[in-house]
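Peer 1: build me a structure from this.
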Amino acid sequence: MDLVKTEQNADQAIKRVRLARHDHRPYASDFIARIFTDFCEIHGDRKFRDDPAVLCGLAKFQGRPIALIAHQKGRDVKDRQAKNFGMPKPDGYRKALRVMKIAEKFRRPILTLIDTPGAYPGIDAEERGQAEAIASNLREMARLKVSIIVTITGEGGSGGALAIGVGDVTNILENGIYSVISPEGCAAILWKDATKAPQAASSMRLTAPELLELGIVDHIIPEPEGGAQNDWDMAANYLAESLKESLKKVDMMSEDGMLAHRYNRFRQMGTIHAHGG
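Peer 2: Predicted coordinates:
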C-alpha cells in the first residue's frame, strides 16, 4: 500500500510540473493584456543591456498605479531563443531592481509574476555577476518601503525565481511549482537518472498544496478546469481577484509593520519546532 501511495504521489506531482510548463499556459504578457491598463514597458539596466527574459514597467491595476515585474517566456523557437527560455541574466535582475527603486520613489506597489526554470547559468552571466545581482535583489526587496505582492504563475525555479520573489504576500496558481532545483536536476544528482523526476518531484514537495502547508506561500489561486492553458480569460480573472485581495491585506499594515512582517515571513521558513512532553 505504501508503494502504491508513493507512486500516486509521484504521478500527481509530475503532472503539476508538466502543467506548470505547458506550452500554452498564459505567460506574463498574456496576463498583462487582460488585467492591467496603461502598461508602459521600461527597458535596460543602465549598466549593460536589456534582458527580454524579464518584463518590467509601470501600469494601472483597477485604476491604481503599480509597478510590474515579470519573467517572460517565448511561444515559438525564435521567440524562446530571444527570451533565453525565460532564464534571466544579471541584466534582467538589475533592470528589475531599477524598476523597484522607481516604484519606491513614487510610492507604487510592486507586483511580480514568477515563471522561470531558473537564472541563466552560462559563462557570460557569471562573468557579469549573476550571483551578485540575485543577492542584491534579495537584500533590497527585503527593505523596500512599498508593498510587494508575489505570484508564481508557472515555474518558480531556485534563485532565478527568488530574485523577484521577496514580498509581503506570496500567491501561487493552482498548478504552479516552486523549488530549489528542477525535478530532473534533483533526480540526476540523487540517482544519476533524470527519468526518476516523478519520484524527485514527490519528495521535493514543490506543488501548491504542499507549499501552502509548509508556509512558503500564502494563498493558492484556482485555475480553470484542466489548467490555466484551457481558458486564459478565466485564469486572468482569478489572478486579478487574488491581487486585489492581497493588496487590500497589505494596505492595512503600517510601513513598519509591513517591513517587520516581510522580514519575519522569510526568517520563519524552514524552522522546525520541537514539541516536548
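
Peer 1: dump the C-alpha coordinates for the one helix or strand residue 185 maps to into PDB.
Peer 2: For residue 185, the element it lies in under DSSP states H and E is helix 183-191. The C-alpha trace of helix 183-191 is given here as PDB (Å, rounded to 0.1, in the frame of the first residue of the first chain):
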ATOM      1  CA  PRO A 183      12.900  17.500 -10.600                       C
ATOM      2  CA  GLU A 184      15.100  16.300 -13.400                       C
ATOM      3  CA  GLY A 185      18.200  18.000 -11.900                       C
ATOM      4  CA  CYS A 186      17.400  16.600  -8.400                       C
ATOM      5  CA  ALA A 187      17.000  13.100  -9.900                       C
ATOM      6  CA  ALA A 188      20.200  13.400 -11.800                       C
ATOM      7  CA  ILE A 189      22.100  14.300  -8.600                       C
ATOM      8  CA  LEU A 190      20.400  11.700  -6.300                       C
ATOM      9  CA  TRP A 191      20.100   8.700  -8.600                       C
END
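
Peer 1: now do it: which elements does it pack against?
Peer 2: helix 2-20, helix 197-204 (3 or more C-beta pairs under 8 Å, 6 or more residues apart in numbering; DSSP states H and E). To be clear about C-beta, it is placed using only N, CA and C from the backbone, and glycine gets the same treatment.

Peer 1: now do the helices in the stretch 101-250 of the chain.
Peer 2: 123-127, 130-143, 158-162, 183-191, 197-204, 208-214, 232-251 (DSSP state H, counting those that start in this stretch).

Peer 1: and the contacts of the second one?
Peer 2: What that stands for is helix 130-143. If you take C-beta atoms under 8 Å, 6 or more residues apart in numbering as the criterion, helix 130-143 is touched by 89-90, 93-94, 96-97, 100-101, 119-121, 148, 159-160, 162-164, 166-167, 259, 262-263, 266.

Peer 1: hey, least reliable of the helices and strands packed on helix 183-191 by pLDDT?
Peer 2: Note on the helices and strands packed on helix 183-191: lowest mean pLDDT is at helix 2-20, with a mean of 80.
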